[in-house]
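Undergrad: Pasting the sequence and the predicted model now:
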Amino acid sequence: MASRALLCFIESTKILDKVVRAMREIVLINSTISKEIPTLCVSEIRYLPIYDALLESNIPPHAIKEHIDALVFTSKHAISALMCEMEKHSELRAFLEIPVLAIGAGCERVLESAGFCIEFISSSSHGESFAREIITRACGRRLLYLRAQSIVSNLDLALKQAQIPLTQIIAYANTPKSLPYSQKPAPRSVLIFSAPSNYHAFVQNFGWDSSYIAIAIGQTTLRAFAPSVQGYVSPKQTLEACIKLAKELARI
């Protein structure tokens, strides 16, 4: 009986080992390290001087509320860049009193923790859809859009076509890194991409393995994938939802 039990244990261990080895690795392709999941940083975020940009846009930092009726955010990095400037220039804390129109749960969490005045959070993960949602709210108001240096969506064009007064300020830049080939994820990995720029930086460094599965945090990122990529979009625009989907796909 003991030997039979031992044989059953050894056999079950072999089966478990095969399952573990068959599981795909999950890697977040990002610009910052995540505590929740192994991360490969393919780019770095650099905050830009918003205070100076306001002056260049003829918006006096000491009279912000007289020139801006609502803020627009599509990235939590832009919010963080503004918060960094607010620490340097106390007069910019007036931004906390201006209504915010933003996209995604990631932005919402950062805005709430910082004490911003949230008016509307879109559940959409696409810039053009977000624009359609806020056009009615934005009618007759002067918007300030704090954004990345490079953007993929046509949010700004959609708002301008709707004749919404829009000032754009580049709050941050996402700069690709040059990485050693040894950091390339293993074949069959499930890769989570948090932004189109991170997908492009990844391909620039490592090319693309046809055995990879790619997850986009939103529709804009999904659209950045090459046609040959086996790509999926997260049901919600959150890292948690991406990880849950990745774990399901890792069993394929």
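TA: Alright, I've got the coordinates.

Undergrad: quick one: strands adjacent to the longest strand seen in the chain?
TA: As assigned by DSSP state E, the longest strand anywhere in the chain is strand 166-176. Taking DSSP bridges as the criterion, strand 166-176 sits next to strand 43-47 (antiparallel), strand 143-148 (parallel) in its sheet.

Undergrad: what comes up buried for stretch 30-43?
TA: By 16 or more other CB atoms under 10 Å, the buried positions in stretch 30-43 come out as N30, S31, I37, T39, L40, C41, V42, S43. Just so you know, the C-beta spots here come from the backbone N, C-alpha and C atoms, and that holds for glycine as well.

Undergrad: what's the farthest-apart pair in the residues you listed?
TA: Between any two of the buried residues of stretch 30-43, the greatest separation by CB to CB is 17.1 Å, found for I37 and S43.

Undergrad: Point to the helix or strand of the chain where mean pLDDT is at its lowest.
TA: helix 2-22 (a mean of 52; mean pLDDT, DSSP states H and E).

Undergrad: Past that one, which element shows up next along the chain?
TA: strand 26-30 (DSSP states H and E).

Undergrad: Show me the contact partners of that next one.
TA: 34, 37-42, 185, 189-194, 198-199, 202, 239, 242-243, 246-247, 250 (CB atoms under 8 Å, 6 or more residues apart in numbering).

Undergrad: Which of the helices or strands spans Y51?
TA: helix 50-56.

Undergrad: And the helix or strand hosting A131, what's buried?
TA: Assessed by DSSP H and E, A131 sits inside helix 127-138. Applying a neighbour-count criterion of 16+ other CB under 10 Å, the buried positions in helix 127-138 are G127, S129, F130, A131, E133, I134, A138.

Undergrad: Test my guess that E108 contacts I121.
TA: Yes - between E108 and I121 a contact is recorded at 4.7 Å, counting by CB atoms under 8 Å.

Undergrad: returning to that earlier point: residues contacting the helix holding Y51, please?
TA: The contact list for helix 50-56 (CB under 8 Å, 6+ apart) reads 60-61, 64, 81-82, 85, 88-89, 92, 146, 169-171.

Undergrad: Deepest-packed of the strands paired with strand 166-176, please.
TA: strand 143-148 (a mean of 22; mean count of other CB atoms under 10 Å).

Undergrad: I'd like the C-alpha coordinates of it written as PDB, please.
TA: Provided in PDB are the C-alpha atoms of strand 143-148 (Å, rounded to 0.1, in the frame of the first residue of the first chain):
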ATOM      1  CA  LEU A 143     -10.800  73.300 -21.300                       C
ATOM      2  CA  LEU A 144      -7.200  72.600 -20.400                       C
ATOM      3  CA  TYR A 145      -5.900  69.200 -21.600                       C
ATOM      4  CA  LEU A 146      -2.800  68.100 -19.800                       C
ATOM      5  CA  ARG A 147      -1.300  65.300 -22.000                       C
ATOM      6  CA  ALA A 148       1.700  63.300 -23.100                       C
END
